[in-house]
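Engineer: mind folding the following:
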Amino acid sequence: MLELAVLGILLEAPMHGYELRKQLTTKLGAFRAAISYGSLYPTLRRLQAAGYITEASPEEGTSSADIPLMTSRRGRVVYAITAEGKERFAELVAQAGPETFDDPAFGVHFAFFSRTDRQTRLRILEGRRRRVEERREGLRQVLARAAERLDAYTLELQRHGLEAAEREVRWLEELIATERSGRTPGRPPGQSGDADGTGRGEELPPSEIPER
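Structural biologist: As a prediction, the model looks like this:
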């Protein structure tokens, strides 16, 4: 999943490893796992060996105005995606198998939903909902069968997990309904968005506007 995330970030602009790590942390938000240099740089080396990215120093033609200033020698290396890397990103972002339903894969795919087609988004969201519903039911069973045998703190932890699962199911259901209506999250009913990356909003005909 780090491969997908790195390629997706580099689609936006070439950048140093330090800036890339910062952008990954921001982009992945609540779903991110800790991204260390120990995991990032081996991934960059693999992507470079595969021909998906290339590196160059600012002196080799990269505009210094587009690259954050760095003080370390390693920071002078600028990574950029190649044509092969763009094809690889398109291949990865189109995947919607069971592996995309779990953390942290779901979070990485969700972070790049604006570059994903609507049907793929729906398959991932629906699969994620099923996965979280299974988790929710498992927690309910634990609380129903073993609550009396759990100490107070373990019981609170189970309740916290159940509440988190219930909130996520509601969130996913809202997203799925939004996708099916043709809108983008955050846009008002009656207006389709640019979730497919078109950058254009489009008014829905009155017959397709959801009732409030």
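
Engineer: from here on, just use CA atoms for contacts and neighbour counts.
Structural biologist: OK.

Engineer: which residues in the protein form strands?
Structural biologist: Assigned by DSSP state E, the chain shows strands spanning 15-16, 53-56, 78-81, 191-192, 202-203.

Engineer: which one of these has the lowest average pLDDT?
Structural biologist: Note on those: lowest mean pLDDT is at strand 202-203, with a mean of 37.

Engineer: ok, V132 to H109 distance?
Structural biologist: Distance of V132 to H109, computed by CA to CA, to the nearest Å: 16 Å.

Engineer: and for Q95?
Structural biologist: 9 Å.

Engineer: again with G38
Structural biologist: In terms of CA to CA, G38 sits 22 Å off from H109.

Engineer: these two: who's more crowded?
Structural biologist: H109 (26 against 8; other CA atoms under 10 Å).

Engineer: count of neighbours near the residue nearest to the more buried one when sequence neighbours are not counted?
Structural biologist: Distances taken as CA to CA, 6 or more residues apart in numbering place V93 nearest to H109, at 6.6 Å, with adjacent residues excluded. By other CA under 10 Å, the residues close to V93 number 23.

Engineer: now swap in A105 and tell me
Structural biologist: For A105, the count of nearby residues is 19 (other CA under 10 Å).

Engineer: got the contact list for it?
Structural biologist: Applying CA atoms under 8 Å, 6 or more residues apart in numbering to A105 gives the contacts 1, 99.

Engineer: roughly how far does L28 sit from H109?
Structural biologist: For L28, the distance to H109 - CA to CA - is 9 Å.

Engineer: typo on my end, it should be L7
Structural biologist: Going from L7 to H109 by CA to CA gives 12 Å.

Engineer: how's this protein carved up into domains?
Structural biologist: Domain segmentation of the chain under automatic domain parsing yields 2-97, 117-186.

Engineer: end to end on the last one, go ahead and measure it.
Structural biologist: Same thing as domain 117-186. The straight-line separation of the ends of domain 117-186 (CA to CA) is 18 Å.

Engineer: again, but for stretch 26-43
Structural biologist: End-to-end distance of stretch 26-43 (CA to CA): 18 Å.

Engineer: avg pLDDT for it?
Structural biologist: Mean per-residue pLDDT for stretch 26-43: 73.

Engineer: try stretch 96-109
Structural biologist: For stretch 96-109, the per-residue pLDDT averages 92.

Engineer: start and end of it, how far apart?
Structural biologist: End residues of stretch 96-109 are separated by 9 Å (CA to CA).

Engineer: what residues sit buried inside that stretch?
Structural biologist: Residues 96, 100-101, 104-109 are the ones in stretch 96-109 that count as buried (16 or more other CA atoms under 10 Å).

Engineer: now the helices for the protein?
Structural biologist: Under the criterion DSSP state H, helices of the chain are mapped to 2-10, 17-28, 37-49, 83-93, 105-111, 118-146, 152-181.

Engineer: need those helices in JSON lines (columns: distance to E55).
Structural biologist: Output for the helices of the chain, formatted as JSON lines (distance: least, CA to CA, whole Å):
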{"stretch": "helix 2-10", "distance to E55": "12"}
{"stretch": "helix 17-28", "distance to E55": "10"}
{"stretch": "helix 37-49", "distance to E55": "8"}
{"stretch": "helix 83-93", "distance to E55": "13"}
{"stretch": "helix 105-111", "distance to E55": "24"}
{"stretch": "helix 118-146", "distance to E55": "32"}
{"stretch": "helix 152-181", "distance to E55": "38"}
